[in-house]
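In: turn this into a structure:
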Amino acid sequence: MTTTSGAYAGLPGPVPGALPDPWTALRETGWPSLDTAYGTAGRIPRILAPLLAPDLTAEETRQALNALEPVRHQNTIYEATAPVALCIAAVLARRAERHSGAADRVCALLLDWLAGVAYDSDDACVNAGRQYFDDDFLEAYPAMVALRALRPLLYQAVAPFLDDPDTAVAEEALCAALAFAEHPGLAGHRDGLAERARRFLLTSDLTSDTRWRRRQALDALTAWDHDTTALTRPGDDDRNPCITGRSWPDADGYPDDPPF
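Out: So this is what the prediction gives:
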């Protein structure tokens, strides 16, 4: 992927201060030049286009997101992942305006997808990569860099759902927001998010559905120098490194499989 300083996700120019129109993001991305798990992203626009329809249904959303598996195969970030995330965030933000921040089923599905991308690209994932390789991990992984550069924009899409009346939606939005707020430009949001994270950890049970959300909340609080002793429950320390299935450069620059 060819980028310039500050360029993002295959689109021209620097990272903007606001989410673009979803059709603009879709049309101005050089999809054939970007990779996925199964080759180039030339087919991705046809998969994304239905998500931009005004009468989008939950079933159509589910089908499209399932078809986007090549850009998140085995929790890996590819060149096409960032522009796809940008398009989905733009669609979600547009729907949030129409639904006054209360998620319908389509919003919940889009939010779930963005929360998964947030988890797969957060600081814990980067730290795991640095432990396995060295401090040049991000320099050798431009697809991850491109995605992480979009965190302020992706945050704009999920933030309206932090107070959603559906508890599961609000928790999903919180975990995505916590990961995106690791970006230095979003430091001003951390105190408010930390208080939400503390409430979530105190009131949520440890289940298969909440385990990764609790782990992400704990990771954020720990990184922001909050004491989590009273918030941790048995099993909360079971987070597995989240970058899997990618051929990584080894110390000599040749492919090697990660130990995750």
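
In: for the rest of this, base every contact and every neighbour count on C-alpha atoms.
Out: Noted.

In: the strands in the stretch 101-250 of the chain, which residues?
Out: 248-249 (DSSP state E, counting those that start in this stretch).

In: where does it dip in pLDDT?
Out: Low-confidence segments of the stretch 101-250 of the chain, defined by pLDDT under 70, span residues 101, 237-250.

In: can you do 80?
Out: The model of the stretch 101-250 of the chain has pLDDT under 80 over residues 101-102, 133-135, 208-209, 235, 237-250.

In: for it, what spans make up the helices?
Out: Using DSSP state H, counting those that start in this stretch, the helices of the stretch 101-250 of the chain run over residues 105-120, 123-132, 142-149, 151-158, 167-180, 190-203, 211-223.

In: just the CA trace of stretch 33-42, in PDB.
Out: Extracted C-alpha coordinates of stretch 33-42, given in PDB (Å, rounded to 0.1, in the frame of the first residue of the first chain):
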ATOM      1  CA  SER A  33      -3.800  -2.400  -4.400                       C
ATOM      2  CA  LEU A  34      -4.600  -3.600  -0.900                       C
ATOM      3  CA  ASP A  35      -4.200  -7.100   0.500                       C
ATOM      4  CA  THR A  36      -6.500  -9.400   2.400                       C
ATOM      5  CA  ALA A  37      -6.000 -12.900   3.700                       C
ATOM      6  CA  TYR A  38      -7.000 -14.300   0.200                       C
ATOM      7  CA  GLY A  39      -5.400 -11.900  -2.200                       C
ATOM      8  CA  THR A  40      -6.300  -8.300  -3.200                       C
ATOM      9  CA  ALA A  41      -9.300  -6.400  -1.900                       C
ATOM     10  CA  GLY A  42     -10.800  -5.800  -5.400                       C
END
